[in-house]
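*Asks:* Sequence plus the predicted model coming up.
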Amino acid sequence: MHSVDAAGLGIGDGHPTRIMGVLNVSEESPYDPSVYDDPGEAARYVDEDLIGEGADIVDVGLESANKRFEVLSAEEELERLHVACETIDRVEGEAVFSIETRYHEVADAALERGFDMVNDICGFADPQMPAVCKAHDAVVAKMASPPDLERPGAVEETDWATRKSPDWAAEADYVDQVYEALKQNGLTDRTIVDPAFGGWSEAQTVDDDRETFRRLAEFRSLERPMLVSINRKNFLGDLVGRETEDRLPASLAATAMAIERGADVVRTHDVAETQDAAVIADAFGGRTD
């Protein structure tokens, strides 16, 4: 199964690569151009800079996932949800709206109030998340992560000797751990997998991300659509010697290669440019005629 239907949007085999634009309603988020706390201004940004530039999905973050910041509780995320909901109520364009959260309570409330799908950066560390998404018939993106609500993406911090086996833990490399993390706590029939690019822990290195990228096609064997979030990431900037603001060309080159290796959704802050890269990758990679 390599495709899902997200509120009428086909994702996966037989469909074009989908572009996921980003909106943050978290004042601590480090990427300023995507951060808004006023619903009216946020809606204009979504209409003009995300949907207007080609985004199929709008992913709304309630808090920064940067490991430098304290993790918000479910209650604190719920206090911010009203801004996100008021924003999507004001948006005029058509898109699938995704809520980024690690908590089933927040996912449930967001899906009740107009969101279409969930982006779970903690990989079902909240064991009730799959059931909530199933109850709403909602697609859920699952990022590789340990079973710990406070440590999203830090797959190497999982006690693999206990969760898998001592022998497996001794032999597994980083990509093996990412693959296994995606399998932990199961996959629903409406799950999109995310291999967790980026510096989610002090132990994760740019070499880890590079090896994950090289072996990206292996994640197709999970038989689920795949989301990648590689926009301006350090593992690209380190290769070309560019700071974040100058990494767009590297990001677009990596986007085309990721699509060729099986990515079905590309999460990005640079919607128009990424959309162009996806169109080229789809046309010459056989995804579209």
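*Replies:* Cool, the structure landed.
*Asks:* switch to C-alpha atoms for all contacts and neighbour counts from now on
*Replies:* Fine.
*Asks:* Would you tell me what the next helix or strand after the longest helix anywhere in the chain is?
*Replies:* For the chain, the longest helix by residue count, based on DSSP state H, is helix 74-90. Downstream of helix 74-90, the next assigned helix or strand under DSSP states H and E is strand 96-100.
*Asks:* And the lengthiest strand in the chain, what does it pack against?
*Replies:* For the chain, the longest strand by residue count, based on DSSP state E, is strand 18-24. Judged by 3 or more Cα pairs under 8 Å, 6 or more residues apart in numbering; DSSP states H and E, the packing partners of strand 18-24 are strand 57-61, strand 265-268, helix 271-285.
*Asks:* Tell me, please, where in the stretch 1-150 of the chain the pLDDT is lower than the cut-off.
*Replies:* Scanning the stretch 1-150 of the chain for pLDDT under 70 picks out 1, 27-34, 65-69.
*Asks:* Could you pull out the strands in it for me?
*Replies:* 3-6, 9-12, 18-24, 57-61, 96-100, 117-120, 139-143 (DSSP state E, counting those that start in this stretch).
*Asks:* The fourth one: how far from the chain's middle?
*Replies:* Pointing back at strand 57-61 there. Counting by Cα atoms, centre = their mean, to the nearest Å, strand 57-61 is centred 9 Å from the centre of its parent chain.
*Asks:* And it, what's buried?
*Replies:* For strand 57-61, burial by neighbour count (16 or more other Cα atoms under 10 Å) applies to 57, 58, 59, 60, 61.
*Asks:* got a list of what the first one touches?
*Replies:* I take that to be residue 57. When contacts are counted by Cα atoms under 8 Å, 6 or more residues apart in numbering, residue 57 is found next to 18, 19, 20, 21, 95, 96, 97, 98.
*Asks:* returning to what we had before: tilt between the longest strand of the chain and strand 96-100?
*Replies:* Between strand 18-24 and strand 96-100, the angle comes out at 50 degrees (axes from the mean of the first three to the mean of the last three Cα atoms, to 10 degrees).
*Asks:* Convert the C-alpha atoms of strand 18-24 to CSV, please.
*Replies:* Listed next in CSV are the C-alpha coordinates belonging to strand 18-24 (Å, rounded to 0.1, in the frame of the first residue of the first chain):
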residue,chain,number,x,y,z
ARG,A,18,2.6,16.8,-2.8
ILE,A,19,4.1,20.0,-1.4
MET,A,20,3.6,20.6,2.3
GLY,A,21,4.0,24.3,3.3
VAL,A,22,4.7,25.3,6.9
LEU,A,23,2.9,27.7,9.2
ASN,A,24,4.0,28.2,12.8
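*Asks:* next one: that strand to chain centre, how far?
*Replies:* Centroid displacement of strand 18-24 relative to its chain, using Cα atoms, centre = their mean, is 9 Å.
*Asks:* and if you look at stretch 196-208?
*Replies:* Offset of stretch 196-208 from its chain centre (Cα atoms, centre = their mean): 15 Å.
*Asks:* contacts for it?
*Replies:* So stretch 196-208 is in contact with 66-67, 143-145, 151-154, 156, 174-175, 178, 209, 212, 228-230, 233-235, 238, going by Cα under 8 Å, 6+ apart.
*Asks:* Give the buried residues for that stretch.
*Replies:* By neighbour count with 16+ other Cα under 10 Å, stretch 196-208 contains the buried residues 196, 197, 198, 199, 200, 201, 204, 206, 208.
*Asks:* about what we covered before: let's have the helices and strands packed on strand 18-24 in CSV, adding distance to residue 123.
*Replies:* Converted to CSV, those look like this (distance: least, Cα to Cα, whole Å):
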stretch, distance to residue 123
strand 57-61, 16
strand 265-268, 17
helix 271-285, 25
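*Asks:* Which one, of those, ends up nearest to residue 257?
*Replies:* With Cα to Cα as the criterion, residue 257 lies closest to helix 271-285 of these, at 7.6 Å.
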